[in-house]
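Trainee: sequence unavailable; structure follows:
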């Protein structure tokens, strides 16, 4: 019997091929005193030490073998015996490699190494490869810090890992701010010297933590460096709750938060009520204020827009029904006060919101958002103007809104102290808006087009000129052409301001009803189209503005072209402010668009080839005998009276502002001097039952007569210079409020007009 021995021992650390030279085995002698026969011993195989590795890394299998016949003739074969299948590279060599799989949990892969000698004897060994799922470590750069300039700052980082945290490595880098030198950047805790600063500045640092498997995570820390930590910075956002128009009324289920823009925000001492700091909210509603440290303070937003220089504006939203013993411009300004808080010792964020006050079925809480919604619409109007005139200076404007402002019978503004304002309106005498606010009846704060419309009257009055009569009007009526232009412009500019061609006005119980119309489609199908219809005017103006070429619209001149006419020729020209002088100037400023502009007018039955007086107009609403010409011409000293008629056919309610009630006359003066205007009624219903009145203008008021004299009006105009003058003439009995004895039938009253020097 022959004894033999072989070495077979698994290694735990060595991953390289080791060739062992093994001596002969000791043993007893054979029987019979002869030499034992030689037996081929299989190779001794070592598949290497077991390993623990990460996912998605290259793994090396380092095998080795010894053989009694030497190693030169050995062949190797690696194979996988368990675990997620991998692709072996160099499987027929002592050293093979593979990429560890992307396992979802720890998993052991097993591999076998078979070594065969030249005689065919084979030996085998196996090795386990433990693939560790290895979740990435978590990096923590620490809390943000506020420090003073020149201070030594410690960056106290840390990391956690599913394996041994002692194996983690750290790396600090600076990602923003004035560059500094980081001491010990590869330690969990690093330091640096804060730079000198004026005011404050922020530095940003990133900590990267890496584990043994190469998995990494990062975290950021912000260090705010102050010149002096005796002051605390308060920043935040101011917003108001807005209720949109959806489905015919206001939809309180879809309320949204919008930034309060341009308003004044103050930081107030809670103890003394003194203003500590003040700034203007930006277009995102953001602000930054500075407070003494550890002081009880609160935020206050004032419903105002203030800016000096160029551009400049001064807008205030006030309550006309409070403190009524005070002048209007001294009545309470709306403000929103936030809750008191401690300013602390470093920057903190404090937001403030104005809520609508809607509690489900009614306004059950303070309607704090309303003044800021009004203010926001006005802010939009200002932005439209400065988009074409960056240095525009706006006249001071008060907007009066109150929960007590209600529709009432009678003229607008009949009892402002009680809130009986009739309707929302603009008062040009005091540059003020008056806006309805009566819940369940009519309230305007979220009717943005209505607010923008009234602001449009303010703009026209202050930047251009408005000769409008004002008063009751509707889209379907034939109006005094000055009123038609003013109201058409108000509707059109509201769409320009709000960026929406759909004009809406809500009212009624829970503000759930109302009306709306589109400026894109409402003019072309109206039966009352013409130079006297606001629907026609608004359609023309909006088509000039917008970039959509539809319904015969091929004009896209934007607001700048409209603005140039309004602040230029329209403001200083002699003809009254109707569609005619506007179009005459627009065509002159944009000669390449003349035919396209005339096409817009034709859609509204208005003659394009015209001057500022509308001399070629043929549309007469069926009454050419009293409606045309738009301007009768009275030549001074001609010796022949010109007969002009006034009618209230289109004014059944005696508003005095409908087509034909007030007639226009042009007086071309060729020589300087004093002139007498004589007006005689030629067809009074009975003697003493007519009262003609007339007023003369040359952009501004020149003179006139409104005496109670029956059947005649005579007055003198002094020191006239050569040029055109325009006169408006009307029968007083056609104006609401005229004495009962002077109530004419729905027909016409005619006058002979002469002008003599």
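Mentor: Done, it's in. For clarity, every value in this text was computed on a predicted model and none was experimentally measured.
Trainee: and stretch 225-232, which residues are buried?
Mentor: Within stretch 225-232, the residues that count as buried by 16 or more other C-beta atoms under 10 Å are 225-226, 229, 231-232. Yep, even glycine has a C-beta here, placed from its N, CA and C like the rest.
Trainee: low-confidence ranges, the stretch 501-650 of the chain, go.
Mentor: 522-524 (pLDDT under 70).
Trainee: for the stretch 551-700 of the chain, which segments are assigned as helices?
Mentor: 558-567, 569-572, 579-589, 594-603, 624-627 (DSSP state H, counting those that start in this stretch).
Trainee: tell me the most buried of the ones you listed?
Mentor: Among the helices of the stretch 551-700 of the chain, the stretch with the highest mean neighbour count (mean count of other C-beta atoms under 10 Å) is helix 579-589, at a mean of 22.
Trainee: how close does residue 283 get to residue 370?
Mentor: Here residue 283 is placed at a distance of 21 Å from residue 370 (C-beta to C-beta, to the nearest Å).
Trainee: ok, residue 428 touching residue 466?
Mentor: Yes - using C-beta atoms under 8 Å, residue 428 is in contact with residue 466, at 7.3 Å.
Trainee: look at these two and report which has more neighbours.
Mentor: Applying other C-beta atoms under 10 Å to residue 428 and residue 466 shows that residue 466 carries more neighbours, namely 26 against 15.
Trainee: residues in contact with the more buried one?
Mentor: For residue 466, the contact set (C-beta atoms under 8 Å, 6 or more residues apart in numbering) comprises 428, 457, 460, 482, 486, 577.
Trainee: can you do 6 Å?
Mentor: Listed by C-beta atoms under 6 Å, 6 or more residues apart in numbering, the contact set of residue 466 reads 460, 486, 577.
Trainee: nearest to residue 177 among those?
Mentor: residue 460 (50.9 Å; C-beta to C-beta).
Trainee: on that earlier part again, output the helices of the stretch 551-700 of the chain in JSON lines; the columns should cover distance to residue 390.
Mentor: Below are these laid out as JSON lines (distance: least, C-beta to C-beta, whole Å):
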{"stretch": "helix 558-567", "distance to residue 390": "12"}
{"stretch": "helix 569-572", "distance to residue 390": "19"}
{"stretch": "helix 579-589", "distance to residue 390": "20"}
{"stretch": "helix 594-603", "distance to residue 390": "27"}
{"stretch": "helix 624-627", "distance to residue 390": "43"}
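Trainee: which one, of those helices, ends up nearest to residue 336?
Mentor: Here helix 558-567 is closest among these (C-beta to C-beta), at 31.7 Å.
Trainee: who does that closest one touch, helix- and strand-wise?
Mentor: helix 579-589 (3 or more C-beta pairs under 6 Å, 6 or more residues apart in numbering; DSSP states H and E).
Trainee: for the helix it packs on, which outside residues touch it?
Mentor: By C-beta under 6 Å, 6+ apart, helix 579-589 touches 485, 531, 537, 565, 569-570, 573, 575, 594, 597, 610-612, 614.
Trainee: how far does that helix sit from its chain's centre?
Mentor: On the basis of C-alpha atoms, centre = their mean, to the nearest Å, helix 579-589 sits 33 Å off its chain's mean C-alpha point.
Trainee: what of stretch 157-165?
Mentor: The mean C-alpha position of stretch 157-165 is separated from the chain mean by 45 Å, C-alpha atoms, centre = their mean.
Trainee: so which bits of that stretch are buried?
Mentor: By neighbour count on 16+ other C-beta under 10 Å, the buried set for stretch 157-165 is 157-159, 161-163.
Trainee: over to stretch 647-665?
Mentor: Quick answer for stretch 647-665 (16+ other C-beta under 10 Å): 647-651, 654-665.
Trainee: then stretch 421-429?
Mentor: Quick answer for stretch 421-429 (16+ other C-beta under 10 Å): 421-427.
Trainee: ok, residues contacting it?
Mentor: By C-beta under 6 Å, 6+ apart, stretch 421-429 touches 405, 408, 412-413, 433-436, 444, 450, 454, 457-458, 461.
Trainee: max pairwise distance over the residues you listed: which two?
Mentor: 408 and 461 (24.0 Å).
Trainee: which SSE is residue 488 in?
Mentor: helix 481-498 (DSSP states H and E).
Trainee: what packs against that helix?
Mentor: So helix 481-498, by 3+ C-beta pairs under 6 Å, 6+ apart, packs with helix 369-386, helix 448-463, helix 534-545.
Trainee: so how far is the following helix or strand past that helix off the chain centroid?
Mentor: Downstream of helix 481-498, the next assigned helix or strand under DSSP H and E is strand 502-507. In terms of C-alpha atoms, centre = their mean, the gap separating the centre of strand 502-507 from the centre of its chain is 21 Å.
Trainee: packing partners for strand 502-507?
Mentor: Partner elements for strand 502-507 (3+ C-beta pairs under 6 Å, 6+ apart): helix 448-463, strand 513-518.
Trainee: quick one: strands adjacent to it?
Mentor: When pairs are called by DSSP bridges, strand 502-507 turns out to pair with strand 513-518 (antiparallel).
Trainee: before we move on, the earlier item: out of the buried residues of stretch 225-232, which one sits closest to residue 79?
Mentor: Using C-beta to C-beta, the buried residues of stretch 225-232 come closest to residue 79 at residue 225, 63.0 Å.
Trainee: and the gap between residue 296 and residue 382?
Mentor: 35 Å.
Trainee: got it, and residue 625?
Mentor: From residue 625 to residue 382 the distance is 47 Å (C-beta to C-beta).
Trainee: residue 332: what's it in contact with?
Mentor: Taking C-beta under 6 Å, 6+ apart as the test, what residue 332 contacts is 319, 322-323.
Trainee: show me the shaky parts of the chain.
Mentor: 1-38, 163, 409-413, 522-524, 737-746.
Trainee: domain parsing for it?
Mentor: For the chain, automatic domain parsing gives the domain ranges 31-132, 138-229, 624-756.
Trainee: could you export those as JSON lines, including distance to residue 471?
Mentor: Below are the domains of the chain laid out as JSON lines (distance: least, C-beta to C-beta, whole Å):
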{"stretch": "domain 31-132", "distance to residue 471": "79"}
{"stretch": "domain 138-229", "distance to residue 471": "57"}
{"stretch": "domain 624-756", "distance to residue 471": "4"}
